[in-house]
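Peer 1: Sequence first, then the predicted structure:
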Amino acid sequence: MSAETEANQVQTVGASFRDPSGYVFTSAGVLYRQINQVYQENYDRLIDSGLYQALVSAGMLISHQEVEIAPLDPSSCYKIIQPEPVEFISYPYEWSFSQLKDAALTTLEIQKMALAHGMTLKDSSAYNIQFHHGHPVLIDTLSFEIYQEGQPWVPYRQFCQHFLAPLSLMAYRDIRMSQLLRVYIDGVPLDLTSDLLPRKTRLVLSLNLHIHLHASSQKRYAARPVETTRKVSLFQLQGIIDSLESGVKRLQWSPSGTDWGDYYDEHNYTSAGLEDKKQIVSSFLDQMQPRYVWDLGANTGLFSRLASDRGIPTIAFDIDPGAVELNYLSSRKDNEQYILPLLSDLTNPSPAIGWENQERQSLAERGPVDAIFALALIHHLVISNNVPLNRLASFFQHLGRWLVIEFVPKSDSQVQKLLASRHDIFTDYNFESFEGVFSKYFVIHRCEEIKNSQRKLYLMEKR
Amino acid sequence: MISPLINTFITLIVPLIGTRPYLDPGSGSFILQILIATLVGSLFLIKAYWKKLRTFFKKIFSKGQDGEQE
C-alpha cells in the first residue's frame, strides 16, 4: 500500500499504476477502482456490448457496482466502481500446475468472448487472475479495449511469458520451475525458456512457434521500430488464440511418479487416531468459530476441509507442488468454494516484490487471519530447519489470533526419521519446553492427546 | 526498378498499432504474429470446418440410426 492521500484513510494500491485507464484504491477498508476519462469509450463498450454481463454470468469476470463516492482525482475521473471483494489475493508462483493452466485457459476464453463482442484484451497478466470461490476469475475490469480489425494481439508476449513459458517448463523440465515467476515479475523471459526446454519441444508446433521461434524473433528484432502494411485479420487473430489454447491444453503434469508422493504424513496414525485428530480439530473449530483459516502444511487438505466444509474460507498451504496439485484437482472436481490450495515454503515464504516492493504482497502482509492450523508441521520447522521454538511461536503469533498446533515428540517415528541423518542438538524439543515457550506468546486453552499416538493437539489464543 | 508489390509495401507503410497500448507489445512478438498469422489462421479455419463437417455427418448418421430404429 502507498500514497496516503488527503482524504481520510484512502490509499492507492501498490500494484495499480501501470495502466492509465484507471487505478485501484481503498477507502475505509473498501476496495474501489477509479475509471479514468481516457478509458470512457472502452468502459461504455464493455457494458453496452453485453460483454461485461456475459463474462460475469460465466463466472470469468469479477462483478462490480458503480458507486457515487468522491474521486481522488476529479479531473481525470470518469466513474468509480466497487468490485466484489476477493477473499485472498494469491500469486502465480503460489499456484499449482493446474491452477496456472486453468488461469491461462480462462484468459484465452475471455479473449474469445471479448472478440465475439467486438473487444479484445489489452493485457493478459497472470496477476489479473484470482481464484474466487474456487474458480479463476479476471479481476481487472479495465483489461478490455475496442477491437480494431487488422490489429495483432498486443498482450501476446505477456501471455507467453506469464503462462505458456512457465507451464511448458513445469511440464517438460521440472515442476519447480514455477518459482522463476517469483524472480521474473513480468513472466519468464522467452529466451531463457527456450534454452531451458528440452530439444524435443521444438517438435511441438505450439511450443516451437510461441516459445522457440518467438524467442528468436525477439532477439532478431529487439528494439527495432515496427512498421509494416501487413495486418492480422480477425480469423488469423482467432487462429493465434486457438493455437495458444491448443498449446496450453496439451501441456500435462501429474504428481504421480515424482519424488514426492508420500502424501499423508498423517498416516503415521491408526485410522482411530486419524479420526480422533479430526474430532479434536472439529471441536477446536466449534470453540474458535473463525471467519478465516490458514492451514500451514496442509498436505492434500484433509484437515483444511474440516474448516472449509463449514463454509469458512480456508487457504491450504503446502511446500509440495504435488500435494497442492492433488488438493486443487480434488477441490475442482467437487466444485468446492471455500478451500484454496497454495504452494508455500514456510521457511522462505513469498516476499514482497515488484516496484518499491509494493506490487505483490508478502505472505505476512496478507494476514493476519482468525485461525492458523499447524498440524504435523512443527518437527519439520524445528528439526529440519533449525528454527528455535521462540522464533516459531513469534511467527505464528504474527500470523493469527488462534493457533491449532500439533506437537510431535522425538519418540515419534517421523521425528526419528528427521534425526536419523543428523546430530540431535534439539535439547529443548519436548512437551515441557514447547508449552513453556508458547505460553509466553499464547494462552493455551486446551491440550488433547491424540489416540494411538504420542502426539498432542493444542488450542491456543494470542496474548 | 521497384516492383509493384514492394512499391505498395513502401507507400502503405503504417504503424502496426493503431491504438496506443500502455503495454509494450515488443517488436519481435509483433512481427512473429504477422509471420505466423497465415499458418495458424489456416489451421484454425481447417479445424472450424472439420468440426462443422463432423457435426454434419454425425447428424446424418444419427438420423439414419433413428430411421432404422423407427
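Peer 2: The structure has been received and is ready for your questions.

Peer 1: Check the separation of the first and last residues in stretch A:56-72.
Peer 2: 27 Å (Cα to Cα, to the nearest Å).

Peer 1: let me fix that: stretch A:364-379
Peer 2: Across stretch A:364-379, the terminal residues are separated by 21 Å (Cα to Cα).

Peer 1: Up against chain B, what does the stretch 201-350 of chain A have?
Peer 2: Within the stretch 201-350 of chain A, the positions near chain B by Cβ under 8 Å from any Cβ of the partner chain are A:209, A:213-214, A:217-233, A:235-240, A:242-243. Placement of C-beta: from N, CA and C, glycine included.

Peer 1: As a quick check, tell me the outermost residue of chain A.
Peer 2: What lies farthest from the middle of chain A is A:Thr229; by Cα atoms, centre = their mean that is 41.5 Å.

Peer 1: For the strand or helix carrying A:Asp195, which residues meet the burial criterion?
Peer 2: Element membership of A:Asp195, judged by DSSP states H and E, is helix A:190-196. Within helix A:190-196, the residues that count as buried by 16 or more other Cβ atoms under 10 Å in any protein chain shown are A:Leu190, A:Thr193, A:Ser194, A:Leu196.

Peer 1: Check whether it comes near chain B.
Peer 2: No - with Cβ under 8 Å from any Cβ as the criterion, chain B is not reached by helix A:190-196; the gap is at least 8.6 Å.

Peer 1: helices and strands of chain B: which one has the lowest mean pLDDT?
Peer 2: Confidence across the helices and strands of chain B bottoms out at helix B:4-11, with a mean of 39, counting by mean pLDDT, DSSP states H and E.

Peer 1: got the contact list for the residue nearest the centre of chain A?
Peer 2: The centroid of chain A falls nearest to A:Ser90 when counting by Cα atoms, centre = their mean (2.9 Å). Residues near A:Ser90 by Cβ atoms under 8 Å, 6 or more residues apart in numbering or on different chains: A:Gln130, A:Phe131, A:Ile315, A:Leu340, A:Leu342.

Peer 1: where in chain A is pLDDT low?
Peer 2: Across chain A, the ranges flagged by pLDDT under 70 are A:1-8, A:14, A:226-228, A:257-267.

Peer 1: Kindly apply the preceding question to chain B instead.
Peer 2: Within chain B, the ranges that satisfy pLDDT under 70 run B:1-19, B:64-70.

Peer 1: Please enumerate the strands of it.
Peer 2: B:14-15 (DSSP state E).

Peer 1: repeat for the stretch 251-400 of chain A
Peer 2: A:293-296, A:314-318, A:339-343, A:369-374, A:400-407 (DSSP state E, counting those that start in this stretch).

Peer 1: can I get the CA coordinates of the next helix or strand after the last one in PDB?
Peer 2: Note on strand A:400-407: by DSSP H and E, the next helix or strand toward the C-terminus is helix A:413-419. Backbone C-alpha positions of helix A:413-419 (Å, rounded to 0.1, in the frame of the first residue of the first chain) are rendered in PDB as follows:
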ATOM      1  CA  SER A 413       8.800 -42.200  14.100                       C
ATOM      2  CA  GLN A 414       8.600 -39.200  11.800                       C
ATOM      3  CA  VAL A 415      10.900 -37.200  14.100                       C
ATOM      4  CA  GLN A 416      13.200 -40.200  14.300                       C
ATOM      5  CA  LYS A 417      13.500 -40.200  10.500                       C
ATOM      6  CA  LEU A 418      14.400 -36.500  10.600                       C
ATOM      7  CA  LEU A 419      17.100 -37.100  13.200                       C
END
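
Peer 1: and helix A:413-419, what other elements does it pack with?
Peer 2: Helix A:413-419 makes packing contacts with helix A:378-379 when contacts are defined by 3 or more Cβ pairs under 8 Å, 6 or more residues apart in numbering or on different chains; DSSP states H and E.

Peer 1: Other residues contacting the helix it packs on?
Peer 2: Taking Cβ under 8 Å, 6+ apart as the rule, helix A:378-379 contacts A:Leu392, A:Ile405, A:Glu406, A:Phe407, A:Val408, A:Asp412, A:Gln414, A:Val415, A:Leu418, A:Phe434.

Peer 1: which residues touch the residue nearest to A:Glu449 when sequence neighbours are not counted?
Peer 2: Leaving out its chain neighbours, the residue that sits closest to A:Glu449 by Cβ to Cβ, 6 or more residues apart in numbering or on different chains is A:Lys456, at 5.4 Å. Going by Cβ under 8 Å, 6+ apart, A:Lys456 touches A:Glu406, A:Phe407, A:Phe431, A:Cys447, A:Glu448, A:Glu449, A:Ile450.

Peer 1: Show me which of these are buried.
Peer 2: Here, 16+ other Cβ under 10 Å leaves A:Glu406, A:Phe407, A:Glu448, A:Ile450 buried among the contacts of A:Lys456.

Peer 1: Please tell me how far the third one sits from A:Asp318.
Peer 2: If you measure A:Glu448 against A:Asp318 using Cβ to Cβ, to the nearest Å, the figure is 24 Å.

Peer 1: same deal with the second one?
Peer 2: Going from A:Phe407 to A:Asp318 by Cβ to Cβ gives 20 Å.

Peer 1: swap in the first one?
Peer 2: If you measure A:Glu406 against A:Asp318 using Cβ to Cβ, the figure is 15 Å.

Peer 1: Kindly reformat the contacts of A:Ser90 as a markdown table and extend each row with distance to A:Val443.
Peer 2: A markdown table is the format used below for those (distance: Cβ to Cβ, whole Å):
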| residue | distance to A:Val443 |
| --- | --- |
| A:Gln130 | 35 |
| A:Phe131 | 34 |
| A:Ile315 | 24 |
| A:Leu340 | 29 |
| A:Leu342 | 29 |
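
Peer 1: which one among those residues gets closest to B:Ile34?
Peer 2: A:Gln130 (33.1 Å; Cβ to Cβ).

Peer 1: which residues does that closest one contact?
Peer 2: Here A:Gln130 is in contact with A:Ile62, A:Val86, A:Ile89, A:Ser90, A:Pro136, A:Val137, A:Ile139 (Cβ under 8 Å, 6+ apart).
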